[in-house]
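A.B. asks: The sequence isn't on hand, but the structure is:
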C-alpha cells in the first residue's frame, strides 16, 4: 500500500511539473526610466485586477507616472492568429520634469501559428489629452517583435515600429493613427511576442495609447504566387522533357 501511495504521489508530481512547464506566461512590465523604477504585473499575480487567464488589468503609480485602466490580452498558445492587445489606457507624468516611461507587454509559449514565415501587423492610436509637448522630442514609440522562448534579446528578422511625435499633435484630444506590417521569420517553436511602448512626456502631460499587434501565416501576393506557379510548371516541363529524351535514346 505504501509503495502504491509513493507511486501515485510521484506520478502526480510529474504531471504537475509537466503542466507548470507548458503553461504560457503573460506579463506587463512598467519602467520609469528617469527613476529606474520597475513594476512587474504577472497574469493572475499581484496588481492584476482580472482573474481571467491571458488578461491583465492594471491601475497604479510607477515612479512619477500614473497608469490608468491598462488592459492587456493575449491568446497563448495561439491559433490561426496570435495576438497581443492593449486597450486604450492613459499615461500621465506627475513629475516636475520631462521623463520617459516604458511598458513591455509580453507573452511566451506560442506554438501556433508556426513560423513558416509569418506576417506581423501593428496598429496604434495615440491621443494627446492635456499638457504641452515640450520638449519637441516628446514622442510615443510602439514596437512589435518576438523571439525564441528564453532568448530575451533575440528578435524576429522583422521589427515592426511606429513612432508618433507628440509635438505634431495639438492638445486637447489631438490624435495620431498609424499602422504597419512586416514579415516575421527565423524563430522556432515555442516563441514569445512582445509589444513595447516607450513614451516621453513633459511634466503634467497626459496621453491615451491604444495598440493591437498580431501575427498570422504569410500569404504571398497573387503576382508572387503566379511566379511560383510558373516556376513549378517550368520545372515539370523540364522533367518531362528529360524523360522523353531518355526514352528516345533507349529505342535507338
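C.D. replies: Great, that's in hand. Just so you know, these numbers come straight off a predicted model, no measurement behind them.

A.B. asks: Apart from its neighbours in sequence, what residue is nearest residue 98?
C.D. replies: Spatial nearest neighbour of residue 98, chain neighbours left out: residue 202 (4.7 Å); criterion: CB to CB, 6 or more residues apart in numbering. (C-beta placed from N, C-alpha, C; glycine too.)

A.B. asks: doesn't residue 131 make contact with the one you found?
C.D. replies: Yes. Between residue 202 and residue 131 there is a contact under CB atoms under 8 Å: 6.1 Å.

A.B. asks: any common contacting residues for these two?
C.D. replies: residue 93 (CB atoms under 8 Å, 6 or more residues apart in numbering).

A.B. asks: How many neighbouring residues does residue 85 have?
C.D. replies: Residues near residue 85, counting by other CB atoms under 10 Å, number 17.

A.B. asks: Hmm, I typed the wrong one, I wanted residue 189.
C.D. replies: 15.

A.B. asks: The closest residue to residue 88 other than its chain neighbours: what secondary structure?
C.D. replies: In space, and not counting its chain neighbours, residue 88 is closest to residue 210: 4.2 Å by CB to CB, 6+ apart. Classification of residue 210 using DSSP: H, G, I helix; E, B strand; the rest coil returns strand.

A.B. asks: Next up, the contacts around residue 210.
C.D. replies: So residue 210 contacts 86-89, 124-127 (CB under 8 Å, 6+ apart).

A.B. asks: measure it to residue 90 for me?
C.D. replies: 10 Å (CB to CB, to the nearest Å).

A.B. asks: Repeat that for residue 25.
C.D. replies: Distance, residue 25 to residue 90, using CB to CB: 26 Å.

A.B. asks: Repeat that for residue 217.
C.D. replies: In terms of CB to CB, residue 217 sits 35 Å off from residue 90.

A.B. asks: I'd guess residue 167 is in a helix, am I close?
C.D. replies: Yes. Assigned with three-state DSSP, residue 167 falls within a helix.

A.B. asks: Tell me the pLDDT of it.
C.D. replies: Note for residue 167: predicted pLDDT of 70.

A.B. asks: now residue 135
C.D. replies: 54.

A.B. asks: With residue 195 instead?
C.D. replies: On the pLDDT scale, residue 195 gets 91.

A.B. asks: what's the answer for residue 42, then?
C.D. replies: In this model, residue 42 carries a pLDDT of 95.

A.B. asks: Begin at 54 from now on, thanks
C.D. replies: Happy to do that; since the first residue is 54 now, the last one works out to residue 95.

A.B. asks: For the chain, which segments count as strands?
C.D. replies: 79-85, 90-95, 108-115, 118-127, 134-146, 152-163, 171-183, 192-201, 213-218, 227-237, 244-254, 259-270 (DSSP state E).

A.B. asks: Of the contacts of residue 263, which is the nearest to residue 117?
C.D. replies: residue 142 (17.0 Å; CB to CB).

A.B. asks: hang on, isn't that closest one packed against residue 122?
C.D. replies: Yes. Using CB under 8 Å, residue 142 makes contact with residue 122 at a distance of 5.1 Å.

A.B. asks: Please list all residues in contact with residue 146.
C.D. replies: 117-118, 152, 154, 184, 254-259.

A.B. asks: can you list the weak-confidence ranges in the stretch 104-253 of the chain?
C.D. replies: Counting by pLDDT under 70, the ranges of the stretch 104-253 of the chain that qualify are 185-190, 203-211.
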